[in-house]
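Colleague: give me a 3D structure for the following:
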Amino acid sequence: MNFRNLNVALLAMLAFASCSNGQSGQNPEEGEIVLQGKVENPLSGHIILEEIQGNQAVPVDTFALAEDQTFKETLDINEPGFYRLNFYGQQYAMLVLDNEDVTINANMNSSEPAKVEGSADTDDLEAINRLMRANMEKVKTLENEFLEARKSGDKIRMKELEQEYIALEQQQRDKLKDLMRQMESSISLVYGVNYLNREADFPFLDSLANRLQKDLPESKYVKDFAQGVESMRATVVGQVAPEISLPNPEGEIKKLSDLRGNIVMIDFWAAWCGPCRRENPNVVKLYNKYKDEGFEIYGVSLDRNKQDWVKAIEKDGLTWTQVSDLNYFNSEAAKTYNINAIPATVLLDKEGRIIARNLRGEALEKKLAELFGEE
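Modeller: Predicted coordinates:
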């Protein structure tokens, strides 16, 4: 998952780094830390300290080794931040640098990751990664079993595995939330939220944002996280859906509120989106089944090209309201509803209140059957 102001690159660059536990050090001056260590079997070149900024790892310093293969640098750290130590582009040590001295030992001839000691925040980062690595092994096993079941045409087993995956994902999120509750406030917690579900886990995220704003009010990571949580608040389950007012293919402005009084599904999709197009036959089937009972769909396209959008509407037989500002993910509607991936759906009751998000396939069928009183 990716919050509105939390960068996917942060997750990608920091995920599954390995560090060991260590003890805190003493700083020579306020705002300064000592970063030191040793590199066995070093390569030619320099060691580069990089800060994770947005979607990039930005070099901020370079270290040369002494004759005994050690390095020691004093750094000015004005606020906690995510970093990585780049050993010749071959090995990386992921760090959260704050107010603690850090020691790092690496061996370029070893498959073992660099060992990090001294940073409690980095220890928290690694604890989160250990939990997620264990989950990935289980997910990989389920994926392999699912592929085998699909190959053999065993639909019953495929459904069983889908349910096992859902249960595993829920269990893992619960474990992660428990772990994060036990941690001291640090920006490592902001990293951990990338693995949570913004709808299902919103109460936890809201509570965490309040906690971090109180404990780390000046952190740019905390400010971005809190802003993301606040922007989500208006579109979580239980809230009245914000208005959308966009043109249809003929240029006529169509408002979401015009459909009030029906069960409405906002369907974010695009002509270029393969999963969206594959889901469309199921959506068409459900629309035809329930449209006479008060079911409406408000399709919001994240296309850029009007011709492609219109062709897809016709080809897929989408006969319900369709709107778009042709601004891709910069669409005002996508920003309002925090849409970072499609297909995405938002289901509204007759009063326009959000009752579910991101239902597709069988889950959407079950929910509509429930809403329209079917057994």
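Colleague: could you point out which element follows the helix or strand containing Leu35?
Modeller: Here Leu35 is covered by strand 32-40, with elements defined by DSSP states H and E. Using DSSP H and E, the helix or strand that follows strand 32-40 in sequence is strand 47-53.
Colleague: give the buried residues for that following strand.
Modeller: Ile47, Ile48, Leu49, Glu50, Glu51, Ile52 (16 or more other Cβ atoms under 10 Å). Using the backbone N, CA and C atoms, a C-beta is placed for each residue, glycine as well.
Colleague: tabulate the residues you listed (a markdown table), appending distance to Leu189 and pLDDT.
Modeller: A markdown table is the format used below for these (distance: Cβ to Cβ, whole Å; pLDDT from 0 to 100):
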| residue | distance to Leu189 | pLDDT |
| --- | --- | --- |
| Ile47 | 28 | 91 |
| Ile48 | 27 | 94 |
| Leu49 | 23 | 94 |
| Glu50 | 22 | 94 |
| Glu51 | 19 | 93 |
| Ile52 | 16 | 89 |
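Colleague: now, among these, which is nearest to Val58?
Modeller: Nearest to Val58 among the buried residues of strand 47-53, counting by Cβ to Cβ, is Glu51 at 5.2 Å.
Colleague: hang on, the earlier thing: remind me what the strand holding Leu35 packs against, helices and strands.
Modeller: Packing partners of strand 32-40 (3 or more Cβ pairs under 8 Å, 6 or more residues apart in numbering; DSSP states H and E): strand 70-76, strand 102-107.
Colleague: that strand pairs with which strands, and in what direction?
Modeller: Paired strands of strand 32-40, with direction, are strand 70-76 (antiparallel), strand 102-107 (parallel) (DSSP bridges).
Colleague: can you tell me the SS state at Lys254?
Modeller: Assigned with DSSP: H, G, I helix; E, B strand; the rest coil, Lys254 falls in the strand class.
Colleague: if I look at it, how far off is Met158?
Modeller: 39 Å (Cβ to Cβ, to the nearest Å).
Colleague: what does Ala234 give?
Modeller: Distance check for Ala234 against Met158: by Cβ to Cβ, it reads 37 Å.
Colleague: can you check Met183 too?
Modeller: Going from Met183 to Met158 by Cβ to Cβ gives 38 Å.
Colleague: ok, now Glu243?
Modeller: When Glu243 is compared with Met158 (using Cβ to Cβ), they lie 40 Å apart.
Colleague: neighbour count for the two, which is higher?
Modeller: Met158 (16 against 11; other Cβ atoms under 10 Å).
Colleague: what helix or strand is that one located in?
Modeller: Here Met158, judged by DSSP H and E, is contained in helix 155-182.
Colleague: list the buried residues of that helix.
Modeller: Residues of helix 155-182 classed as buried by neighbour count (16+ other Cβ under 10 Å): Met158, Leu161, Glu169, Gln172, Arg173, Leu176, Lys177, Leu179, Met180.
Colleague: next, the buried residues of the helix or strand just after that helix.
Modeller: Sequence-wise, the next helix or strand downstream of helix 155-182 (DSSP H and E) is helix 188-192. Buried positions in helix 188-192, judged by neighbour count with 16+ other Cβ under 10 Å: Ser188, Leu189, Val190, Tyr191, Gly192.
Colleague: Three-state assignment for the nearest residue to the first one once chain neighbours are set aside, please.
Modeller: Right, the one you point to is Ser188. Of all residues not flanking Ser188 in the chain, Asp124 sits nearest, at 3.9 Å (Cβ to Cβ, 6 or more residues apart in numbering). In three-state terms, and counting by three-state DSSP, Asp124 is helix.
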